[in-house]
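Novice: need coordinates for the following:
(2 chains)
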Amino acid sequence: MRKALFALALVFAWPPPAWAVNPDEVLSDPVMENRAREISRGLRCLVCQNQSIDDSDADLAKDLRIIVRERLTAGDSDAQVVDFVVSRYGDYVLLKPPFKLATLVLWLGPAAIAGGGLIAVLMFFRRRRTGESAVQPAAVLTRPPPLSDEENRRIEELLKDDAP
Amino acid sequence: MANRLVYILPLMVFLIMAVYFAIGLSKDPSILPSALINKPIPEFSLPPIDGGPGKGFSSADLRGNGVSVINVFASWCVPCRVEHPLIARLAALKVATVYGLNFKDKPKKALKWLQELGDPYAAHGSDPKGRVAIDFGVYGIPETFIIDNDGIIRYKYVGPINPGRLEKEILPIIKKFSP
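Specialist: The predicted structure is shown next:
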């Protein structure tokens, strides 16, 4: 019982997820620190490319975290801080690429392809319903013309002959 | 006939995308375009490596003195050691002033490194916190910059220079921007 309780206590005592941010980097002003964290999460660590500088243990990420905090303390707005880093490392440093002419295909490409596919599917079903599909079943194409009166009369005759 | 063409369309789209992706995949993702190409150098003033010769260098030295090269190095950086003979060869050609930016290094180790491998630099500056390097958009060393007579960054190479790179890229670019 005591062991079980101990195990349970351990489960609840599980530490919160660890951040790369070191205690000595954290700003004393919680509002400012929150802004710094928010900005850091959007900035790519250039050494370990798919992590944000908030997550990364790399030296460069640490330097950039400190710079972000310095700029904020100096009174920069969030946008100014981001611009500061982008002016040195380019748009690539932003984990979320900006919406501009060079990234138009990136942003609108998937929607355009999905839209095109949807239109194609709709057109396909509409055509099929109205029976003018380009690929018609062979049976439809080769259906014989209806029988003439003369032919019907002959069928009647033949069937009569077979009757018992 | 126009109807038939519709069926080729997906194939065309696929081919265009395939070419696009093939180009994208054949590039080395660790080499990033520099945001600072054709931009003026950041303002800086670097002290010399502590206990070493010279008086460091600053952004003012890079303007009006012909083409300059800044090589970012550190004694702890193994690829820097590999490219060092080529930096020495470049400096010996005297086509550009070659500066060394000592990145996050211990002065003693840096000086020992230069003593051991030779000091090709016209001047070196110490950047123990890497702040000047960050202003230059440095993210992995060695990095080498070519700066023209007006203090505009014209070229950046990330990683150790090899003989081919020196002959085919660096020297022609230096020549192109030489006054």
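
Novice: just the element for A:M32, please.
Specialist: Here A:M32 sits within helix A:30-41, counting by DSSP states H and E.

Novice: what's the burial count for residue 93?
Specialist: Answering for chain A, as no chain was given. A count of neighbours around A:V93, defined by other Cβ atoms under 10 Å in any protein chain shown, yields 22. Quick note: C-beta positions are derived from backbone N, CA and C, even for glycine.

Novice: please go with chain B instead
Specialist: Neighbour tally, B:L93, other Cβ under 10 Å: 11.

Novice: mind checking how far the nearest residue to it once chain neighbours are set aside is from B:D148?
Specialist: In this structure, B:L93 finds its nearest non-sequential neighbour in B:L171, 7.6 Å apart by Cβ to Cβ, 6 or more residues apart in numbering or on different chains. With distances taken as Cβ to Cβ, to the nearest Å, B:L171 is found 15 Å from B:D148.

Novice: just to revisit the earlier point, the residue nearest to B:L93 contacts B:V95, doesn't it?
Specialist: Yes - here B:L171 reaches B:V95: they are 6.9 Å apart, a contact under Cβ atoms under 8 Å.

Novice: hang on, B:F21 in a helix?
Specialist: Yes - with DSSP: H, G, I helix; E, B strand; the rest coil as the criterion, B:F21 is part of a helix.

Novice: that one and B:A88, how far apart?
Specialist: B:F21 sits 41 Å away from B:A88, going by Cβ to Cβ.

Novice: between those two, which one's more packed in?
Specialist: Neighbour totals were compared for B:F21 and B:A88, and B:A88 leads with 15 against 10 (other Cβ under 10 Å).

Novice: can I assume B:V132 is in contact with B:P47?
Specialist: No - counting by Cβ under 8 Å, B:V132 does not reach B:P47; the two are 10.7 Å apart.

Novice: shared neighbours of the two, anything?
Specialist: Both B:V132 and B:P47 are in contact with B:G125, where contact means Cβ atoms under 8 Å, 6 or more residues apart in numbering or on different chains.

Novice: looking at those two, which is more packed in?
Specialist: Applying other Cβ under 10 Å to B:V132 and B:P47 shows that B:V132 carries more neighbours, namely 22 against 16.

Novice: looking at chain B, which residue is nearest chain A?
Specialist: Residue of chain B nearest chain A, by Cβ to the nearest Cβ: B:A35 (3.3 Å).

Novice: tell me the contacts of the spatially most central residue of chain B?
Specialist: Nearest to the mean C-alpha position of chain B, counting by Cα atoms, centre = their mean, stands B:T144 at 2.1 Å. Applying Cβ under 8 Å, 6+ apart, we find B:T144 in contact with B:V69, B:I70, B:N71, B:V72, B:I87, B:K156, B:Y157, B:I161, B:I170.

Novice: now stretch A:121-139: average pLDDT?
Specialist: Averaged over stretch A:121-139, pLDDT sits at 70.

Novice: other SSEs contacting whichever helix or strand comes after the helix holding A:M32?
Specialist: Next helix or strand after helix A:30-41 toward the C-terminus (DSSP H and E): helix A:59-73. If you count contacts as 3 or more Cβ pairs under 8 Å, 6 or more residues apart in numbering or on different chains; DSSP states H and E, helix A:59-73 packs onto helix A:30-41, helix A:78-89, helix B:131-135.

Novice: follow-up on the earlier one: hang on, the residue of chain B closest to chain A in a helix?
Specialist: No - per three-state DSSP, B:A35 lies outside any helix segment and is coil.

Novice: that one against A:V85, yeah?
Specialist: No - using Cβ under 8 Å, B:A35 is not in contact with A:V85; the gap is 9.8 Å.

Novice: okay, the two: which has more neighbours?
Specialist: The residue with more neighbours, out of B:A35 and A:V85, is A:V85; 24 against 18, by other Cβ under 10 Å.

Novice: quick check: B:D50 is in a strand.
Specialist: No - counting by three-state DSSP, B:D50 falls outside a strand, being coil.

Novice: list the contacts of it.
Specialist: The contact partners of B:D50, by Cβ under 8 Å, 6+ apart, come to B:P107, B:S126.

Novice: confidence score at it?
Specialist: What the model reports as pLDDT for B:D50 is 90.

Novice: B:L90 too?
Specialist: 95.

Novice: name the helix or strand for it, please.
Specialist: Using DSSP H and E, B:L90 maps to helix B:78-92.

Novice: just the buried positions in that helix, please.
Specialist: B:C80, B:R81, B:E83, B:H84, B:L86, B:I87, B:L90, B:A91 (16 or more other Cβ atoms under 10 Å in any protein chain shown).

Novice: many thanks, have a good one.
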